[in-house]
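Student: Sequence first, predicted coordinates after that:
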2 protein chains.
Amino acid sequence: MDHLIEKTISKEILYKGKVINLQIEDVELPNGKTSKREIIKHPGAVAILAITDENRIVMVQQYRKALERVIVEIPAGKLEPGEKPEITALRELEEETGYECKTLSHLISFYTSPGFADEIIHLYIARGLTKKEQSADLDEDEFLDVLEVTLEDAEKLIAAKKIYDAKTAYAVQFLQLKKALGD
Amino acid sequence: MDHLIEKTISKEILYKGKVINLQIEDVELPNGKTSKREIIKHPGAVAILAITDENRIVMVQQYRKALERVIVEIPAGKLEPGEKPEITALRELEEETGYECKTLSHLISFYTSPGFADEIIHLYIARGLTKKEQSADLDEDEFLDVLEVTLEDAEKLIAAKKIYDAKTAYAVQFLQLKKALGD
């Protein structure tokens, strides 16, 4: 697949932030011409499709400044440097929702925006949930409501554009597929 | 949901690029404290799940500099200012794959990375495909191979991490769901 590869001529980090870095790369295209690529470097993240014993999906409702609105998502959080995604998933589930889980299994990993960002999301399913005594333990700049919804509720939230992001849409569709397969 | 909202105190555009802008916002959190949000502004995009009369999925294989690797994706492209997503979808399908379609229907729209970006993807299904005389008409910095794969091939490409992005994973799962429902 050498006929597709872009070679790096030079790269410059224009911004180093809390969550993302912005890097501009000069590249040599497959035809020998040059171009610029604007790339967001992100540490990667986990997301957790957590299902209660009553078959409710645990979701969080939070304000997303990038969208200037509140949306409903499955719990998620950024990887800490060197941390295994499974550990991040257990931590974020507990911090955001107050739930511990008996089983955690990997469902899929995907890049969210390969055209401009290296963010990868590792999606897990958590079952055997038990609520801890104390409630959620959020980051100091994190505010959210925890919701527990049925699959039918989730489908309505998608139709109402309250669930509106790729990882949550994928997770809901996964449950629709499981149901259609009779699992 | 006022108890979740972050108010903008100030915003500064740090970078204006070809594809993305980087904007730093000082915000007032729900508890009155302040924080910074790093936000990528993106024009939005379309993606097309195009199915041939032989029930093959049309995919494109391309190098993604952000990932430093080749991946296989459904065709996609950025919205031009003021352009209706349906028009972008028809244009991108034809430019990237050489296919025109008889029917185009909206499947879902979702934000890819609501934690730091406002990119939205509008996903369409295209059917009634006919290949135009001339082949693909790509942007000058765009190089890709067109593939036509069965659903089973697509599942193998996911397992092999060649299909590795959210929109394509969602589209493949949609076809699995349709199949499970007997459509």
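Tutor: Now that the structure is in, tell me what you want to look at. Numbers count the residues shown, from 1 in each chain, chains lettered A, B, ... in the order given.
Student: ok, which stretches of chain A are strands?
Tutor: According to DSSP state E, chain A carries its strands in the segments A:7-16, A:21-28, A:34-41, A:45-50, A:57-64, A:69-73, A:76-78, A:99-111, A:120-131, A:144-149.
Student: deepest of those strands, which one?
Tutor: For those, the largest average neighbour count (mean count of other CB atoms under 10 Å in any protein chain shown) is found in strand A:45-50, namely a mean of 26. Any C-beta I mention is one placed from the backbone N, CA and C, and that applies to glycine too.
Student: Just checking the distance from that one to the centre of its chain.
Tutor: A distance of 6 Å separates the centroid of the chain from that of strand A:45-50, by CA atoms, centre = their mean, to the nearest Å.
Student: Render the CA-only coordinates of it in CSV, please.
Tutor: Extracted C-alpha coordinates of strand A:45-50, given in CSV (Å, rounded to 0.1, in the frame of the first residue of the first chain):
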residue,chain,number,x,y,z
ALA,A,45,-10.4,7.3,25.8
VAL,A,46,-12.7,4.5,27.1
ALA,A,47,-16.4,4.3,27.1
ILE,A,48,-18.6,1.9,29.1
LEU,A,49,-21.9,0.4,28.1
ALA,A,50,-23.0,-0.5,31.6
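Student: Let's test this: mean pLDDT of it, rounded?
Tutor: Mean pLDDT, computed over strand A:45-50, is 98.
Student: That one to strand A:99-111, inter-axis angle?
Tutor: 130 degrees (axes from the mean of the first three to the mean of the last three CA atoms, to 10 degrees).
Student: Within its sheet, name the partner strands of strand A:45-50 and how each one runs.
Tutor: Next to strand A:45-50 in the sheet, as set by DSSP bridges, lie strand A:76-78 (antiparallel), strand A:120-131 (parallel).
Student: closest to residue B:125 out of the strands of chain A?
Tutor: strand A:99-111 (19.7 Å; CB to CB).
Student: So is that closest one next to chain B?
Tutor: Yes - using CB under 8 Å from any CB of the partner chain, strand A:99-111 comes into contact with chain B via A:108-111.
Student: how about TSV for the strands of chain A, with distance to residue B:127 added?
Tutor: Formatted as TSV, the strands of chain A follow (distance: least, CB to CB, whole Å):
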stretch	distance to residue B:127
strand A:7-16	39
strand A:21-28	36
strand A:34-41	34
strand A:45-50	31
strand A:57-64	32
strand A:69-73	31
strand A:76-78	34
strand A:99-111	25
strand A:120-131	29
strand A:144-149	33
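Student: who wins for proximity to residue B:17 among these?
Tutor: Of those, nearest to residue B:17 by CB to CB is strand A:34-41, at 4.4 Å.
Student: do the closest one and chain B meet?
Tutor: Yes - using CB under 8 Å from any CB, strand A:34-41 reaches chain B at A:35-40.
Student: ok, residues contacting that strand?
Tutor: A:6, A:9, A:20-29, A:113, A:116-119, B:15, B:17-20, B:40, B:65-66, B:116-117, B:141 (CB atoms under 8 Å, 6 or more residues apart in numbering or on different chains).
Student: In terms of secondary structure, what does the longest helix seen in chain A contact?
Tutor: When chain A is parsed with DSSP state H, its longest helix is helix A:166-180. The contact analysis (3 or more CB pairs under 8 Å, 6 or more residues apart in numbering or on different chains; DSSP states H and E) places helix A:166-180 against strand A:45-50, strand A:57-64, strand A:69-73, strand A:99-111, strand A:120-131, helix A:151-159, strand B:99-111, helix B:166-180.
Student: Can you dump the C-alpha atoms of it in CSV for me?
Tutor: Output of helix A:166-180 as CSV, limited to C-alpha atoms (Å, rounded to 0.1, in the frame of the first residue of the first chain):
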residue,chain,number,x,y,z
ALA,A,166,-20.9,8.2,17.8
LYS,A,167,-19.9,6.0,20.7
THR,A,168,-23.4,6.1,22.3
ALA,A,169,-25.1,5.6,19.0
TYR,A,170,-22.9,2.6,18.4
ALA,A,171,-23.6,1.2,21.9
VAL,A,172,-27.4,1.5,21.5
GLN,A,173,-27.3,-0.1,18.1
PHE,A,174,-25.2,-3.0,19.6
LEU,A,175,-28.0,-3.6,22.1
GLN,A,176,-30.6,-3.5,19.2
LEU,A,177,-28.5,-6.1,17.4
LYS,A,178,-28.2,-8.3,20.5
LYS,A,179,-32.0,-8.1,20.9
ALA,A,180,-32.6,-8.9,17.2
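Student: now that helix and strand A:45-50, what's the angle there?
Tutor: Using the same axes, to 10 degrees: helix A:166-180 against strand A:45-50 is 30 degrees.
Student: Could you pull out the buried residues of helix A:166-180?
Tutor: Within helix A:166-180, the residues scored as buried using 16 or more other CB atoms under 10 Å in any protein chain shown are A:166-177, A:180.
Student: picking up where we left off before, among the strands of chain A, which is nearest residue B:54?
Tutor: Per CB to CB, nearest to residue B:54 of the strands of chain A: strand A:99-111, 27.0 Å.
Student: What are the contacting residues of stretch A:152-166?
Tutor: A:57, A:59, A:67, A:70-73, A:112, A:149, A:169, A:172, A:175-176, B:108-114, B:121, B:166-167, B:170.
Student: what sits against the residue nearest to residue A:2 when sequence neighbours are not counted?
Tutor: Counting by CB to CB, 6 or more residues apart in numbering or on different chains, residue A:30 is the residue found nearest to residue A:2 once chain neighbours are left out, at 8.0 Å. Neighbouring residues of residue A:30 by CB under 8 Å, 6+ apart: A:2-6, B:63, B:143.
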